[in-house]
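In: task: produce atomic coordinates for the following.
(2 chains)
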Amino acid sequence: MNPEPLILTFKLASLTTLILFGLALPIAYWLAYSKFRGRVLVEAVIGMPLVLPPSVLGFYLLLAFSPSHFFGAWVEELFGLRLIFSFPGLVVASVIYSLPFMVYPLQAGLQALPGSLREASYTLGKSAWTTFFKILLPNCKSAILTALVLTFAHTVGEFGVVLMIGGNIPGVTKVASVAIYNEVEALNYSAANQYALVLFVITFAILLLVYLLNHRLRVRYSA
Amino acid sequence: MRTATGAVELDVAMRIEAGAITVLTGPSGAGKTTLLRLLAGLVKPQSGRIAFGEDVWLDTGKYIFQSPQQRKIGLVFQDYALFPHLTVRQNLTFALKKGEDPRRVDELLHEVELTQLADQKPHQLSGGQKQRVALARALVQSPRLLLLDEPLSALDRSMRYRLQGYLASLHQRYQLTVVLVTHDLAEIFRLADHVVELDEGKITRQGTPQEVFASSYPLAEGPTLYGEVLTCVVEGDQALVQALIDQRIHALRLPASRAVDLLPGCSFLLHYTMDTPSVEVIR
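Out: Sure, this is the predicted structure:
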C-alpha cells in the first residue's frame, strides 16, 4: 500500500483544522454576541456546506478558482498560486467546505456560557480581548474539542469537492478517499480495503477519544 | 442622575449619597436590575445622564458613554458569576491590575474568612461561600461604587444574616458607596441608609427605611422591631403569635382583633408604647 494518499489526507485535514480554528474564532464570537440583524443571513451562508451537495460546491469553486475567472486570476497574480488542481487549492476549498463544522460548535459553546461571566470580567476592568481568551475560551473546552475534531474528521471524509477541483494527481491532490475510489474502479479491492480500514480505525479512535475527554470535562464541571 | 430605557420604560431621577448604602426595592419587573445594569454600563439607555461626582459616565445628549471597564465599579451578580475554571484565589487575582500587589487578594480572602478555601474551585463551594468570593472579587479593584444585585436572595435565613454582617463590616471598613437591590425587608432595615422603591420603572417612595415602610403609621415612642410571623393561634379574644424577631423566636400575646392580618410568613413592625405593643403588618 502506498502511504502517500493517507499522509496527504492527514496533512490536508490538519492544515484545514488549524486555519479554520483561527478563522472561526472571531466569526463564532461575532455570531454569539452580535445584535446585528443581518447576522441570520451570515449564519445561513456559513451553514450552506452542510446541505449543499459537495459536487455543487466543488463546481462553483472550480469556476471561481479557474485562471480565466477573476478570483482565480487575481490569486494567481497576487500570490503566484494556481488554486485549481493544486494542494493549496484543496486547502482553500476544505476551509470553505468545513467552515460550519468549526463555527457552529464554537458559537454554541459561547452561547451556552452564562452572560454574567463576560459582564463580570468587564466590570473587573478587563478588555473584551482578555475576557475572550482568559475567561470565555477556557470555559468552552468541550466545544472547542468538538469543533476541532468535527472539522478534522469532515475534512478526512471529503470526496466530492476534492474530485471536482483537485482531480487525482498523486502526491498533490490524490487524498485517501479518492485513492479508494480509484482502486475500486481498477477492481483492486485489497488495496482499497487497506486504505479504507486505516481511515476507519483512525477516525473511530479519534471520535472515541473525544467522547472520553468530553465526558471527563462534563463530570468535572457538573458538580 | 436620569435614566430611561425601553420595554418597561424606566424613568428615574435620583441621587446616591457617597459612603452610604442605598437600597433599590420593589416588585419584580420594576426595573431595579436594569437600573443597576445602567449604573454598571452593561446597558445603554435611549436617553439619560449619569454622573459620579465630577465624572460623567453617561450623557446621551453629548454622546458620552463610559464602558464598565472605565467606571471602576464592583458588581456582584445574582448568580455570583464566578469563573468556573479558576480557583477562589485565581478568581480574585484575575481582578488585579497588572503589577498590582497580590497581598490585596490575601487581605480580602482573610476579610471574608475564605483563606482556607483559596485553592478550591467554585463548584466545590456552598452558596454562601460563593457569595463571599463574589463579594471579595468585586472589592479587589477598590471600586468607587459597589453594586449588588439581590446578592443574598438564594441563601437561607441564617446565612443571609451572616452575610449581611460581612457586608456591613466591609462597608464600614472600606467606606464603600453601595447600591443594593433586595426584596428582603429585614435586609433593608439592617443595612440601608436610604431606600428607593420602584414600580413599573418609576420611583414610588424613597427615604430612610422607617420613612418608607412605616410612614403610614403614626410612630409610637419607644423601640420599633421588625419581625416575621411564624404561627398565629387564636384562643378566645387573645391571640398567641410566634414570630421571628432579630433572628430569635418570640411569643407575643395580642388581642385577637389585632392579629387578624398576622398570617404566617408576613412581615410586621412592632411598635412599643408605654402601655401596649402595637403591631402593623407591612407586607
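
In: which ones are touching residue 183?
Out: Here I'm looking at chain A. Applying CB atoms under 8 Å, 6 or more residues apart in numbering or on different chains to A:Glu183 gives the contacts A:Tyr189, A:Ala191, A:Ala192, A:Tyr195. C-betas here are computed from N, CA, C, even on glycine.

In: meant chain B actually
Out: B:Thr25, B:Glu150, B:Ser153.

In: report the separation between the last one and chain A.
Out: Spelled out, it's B:Ser153. Separation of B:Ser153 from chain A (CB to the nearest CB, to the nearest Å) stands at 15 Å.

In: how about the secondary structure of B:Leu38?
Out: Three-state call for B:Leu38 (DSSP: H, G, I helix; E, B strand; the rest coil): helix.

In: with B:Pro27 instead?
Out: Assigned with three-state DSSP, B:Pro27 falls in the coil class.

In: show me what the closest residue to it other than its chain neighbours is bridged to.
Out: Setting aside the residues directly before and after it, B:Pro27 is nearest to B:Asp199 in space (CB to CB, 6 or more residues apart in numbering or on different chains), at 6.3 Å. Counting by DSSP bridges, B:Asp199 forms beta bridges with B:Lys202.

In: what's the neighbour count on B:Asp199?
Out: 14 (other CB atoms under 10 Å in any protein chain shown).

In: let's see the ChimeraX selection covering just the buried ones among the contacts of B:His183.
Out: Remark: buried members of the contacts of B:His183, expressed as a ChimeraX selection using 16 or more other CB atoms under 10 Å in any protein chain shown:
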select /B:25,150
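
In: all helices for the chain, in order.
Out: As the question left the chain open, I've gone with chain A. Counting by DSSP state H, chain A has helices at residues A:4-33, A:39-51, A:54-65, A:70-79, A:87-112, A:115-123, A:128-130, A:141-156, A:160-165, A:176-185, A:189-221.

In: wrong one, I was asking about chain B
Out: Using DSSP H, the helices of chain B run over B:32-40, B:68-71, B:88-94, B:103-111, B:127-139, B:157-174, B:185-191, B:209-214.

In: output stretch B:198-218 as CSV, restricted to C-alpha atoms.
Out: This file holds the C-alpha atoms of stretch B:198-218, laid out as CSV (Å, rounded to 0.1, in the frame of the first residue of the first chain):
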residue,chain,number,x,y,z
LEU,B,198,-39.5,51.4,42.2
ASP,B,199,-42.6,50.3,40.5
GLU,B,200,-43.0,50.0,36.7
GLY,B,201,-39.9,52.0,36.1
LYS,B,202,-40.8,54.9,38.4
ILE,B,203,-39.8,55.8,41.9
THR,B,204,-42.8,55.4,44.2
ARG,B,205,-41.3,56.1,47.6
GLN,B,206,-37.9,57.0,49.0
GLY,B,207,-36.3,57.8,52.3
THR,B,208,-35.0,56.0,55.3
PRO,B,209,-36.4,52.5,55.8
GLN,B,210,-38.5,53.9,58.6
GLU,B,211,-39.9,56.6,56.4
VAL,B,212,-40.7,54.4,53.5
PHE,B,213,-42.1,51.4,55.3
ALA,B,214,-43.6,52.8,58.5
SER,B,215,-44.6,56.3,57.4
SER,B,216,-48.3,55.3,57.0
TYR,B,217,-48.4,54.5,60.7
PRO,B,218,-48.1,57.1,63.5
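
In: next, the buried residues of it.
Out: Going by 16+ other CB under 10 Å, stretch B:198-218 has these buried residues: B:Leu198, B:Gly201, B:Ile203, B:Gln206, B:Pro209, B:Val212, B:Phe213, B:Ala214.

In: and what of stretch A:156-168?
Out: Buried-residue list, stretch A:156-168, by 16+ other CB under 10 Å: A:Val156, A:Glu158, A:Phe159, A:Gly160, A:Val161, A:Val162, A:Leu163, A:Met164, A:Ile165, A:Gly166, A:Gly167.

In: spit out the contact partners of the second one.
Out: Each residue near A:Glu158 by CB under 8 Å, 6+ apart is listed here: A:Leu12, A:Pro54, A:Ser94, A:Tyr97, A:Ser98, A:Val175, A:Ser177.

In: tell me the spacing between the fifth one and A:Pro105.
Out: So that's A:Ser98. 12 Å (CB to CB, to the nearest Å).

In: what sits closest to B:Val196 if chain neighbours are left out?
Out: Of all residues not flanking B:Val196 in the chain, B:Gln206 sits nearest, at 4.5 Å (CB to CB, 6+ apart).

In: picking that back up, how near is the residue nearest to B:Pro27 to B:Arg144?
Out: Applying CB to CB to B:Asp199 and B:Arg144 gives a distance of 29 Å.

In: same question for B:Val105.
Out: B:Val105 is 20 Å from B:Arg144, by CB to CB.

In: for A:Val92, which non-adjacent residue is closest in space?
Out: The shortest distance from A:Val92 to any non-neighbouring residue, by CB to CB, 6+ apart, is to A:Leu83 (6.0 Å).

In: isn't that neighbour up against A:Phe65?
Out: Yes - if you go by CB atoms under 8 Å, A:Leu83 and A:Phe65 touch, sitting 3.9 Å apart.

In: overlap in contacts of these two?
Out: Here A:Leu83 and A:Phe65 share the contacting residues A:Gly72, A:Val75, A:Gly89, A:Val92, A:Ile165, scored by CB under 8 Å, 6+ apart.

In: got these as CSV, with pLDDT and distance to B:Leu86 columns?
Out: Formatted as CSV, the shared contacts of A:Leu83 and A:Phe65 follow (pLDDT from 0 to 100; distance: CB to CB, whole Å):
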residue, pLDDT, distance to B:Leu86
A:Gly72, 87, 49
A:Val75, 87, 44
A:Gly89, 91, 44
A:Val92, 93, 39
A:Ile165, 89, 46
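
In: closest to chain B out of those residues?
Out: Using CB to the nearest CB, A:Val92 comes nearest to chain B of these, at 35.1 Å.

In: report how many residues lie close to that closest one.
Out: A:Val92 has 20 nearby residues by other CB under 10 Å.

In: give me the low-pLDDT residue ranges for the chain?
Out: Since you didn't name a chain, this refers to chain A. Scanning chain A for pLDDT under 70 picks out A:219-223.

In: let's do chain B instead
Out: Counting by pLDDT under 70, chain B contains low-confidence ranges at B:1-8, B:215-223, B:272-278, B:282-283.

In: tell me which residue in it sits closest to chain A.
Out: Counting by CB to the nearest CB, chain B gets nearest to chain A through B:Ala81 (3.7 Å).

In: contact partners for that residue?
Out: A:Pro114, A:Ser116, A:Leu117, A:Glu119, A:Ala120, B:Ala134.

In: now, of those residues, which are buried?
Out: Using 16+ other CB under 10 Å, the buried ones in these are A:Ser116, A:Leu117, A:Glu119, A:Ala120, B:Ala134.

In: for those, which one is nearest A:Thr17?
Out: In terms of CB to CB, no member of these lies closer to A:Thr17 than A:Leu117, at 26.7 Å.

In: wait, that closest one touches A:Asn139, no?
Out: Yes - judged on CB under 8 Å, A:Leu117 makes contact with A:Asn139 at a distance of 6.8 Å.

In: so what sits against both of those two?
Out: What both A:Leu117 and A:Asn139 touch, as defined by CB under 8 Å, 6+ apart, is the set B:Phe83.

In: tally up the residues packed near residue 26, please.
Out: Since you didn't name a chain, this refers to chain A. A:Pro26: 10 neighbours (other CB under 10 Å).

In: that was the other one, I meant chain B.
Out: Counted with other CB under 10 Å, B:Gly26 comes out at 22.
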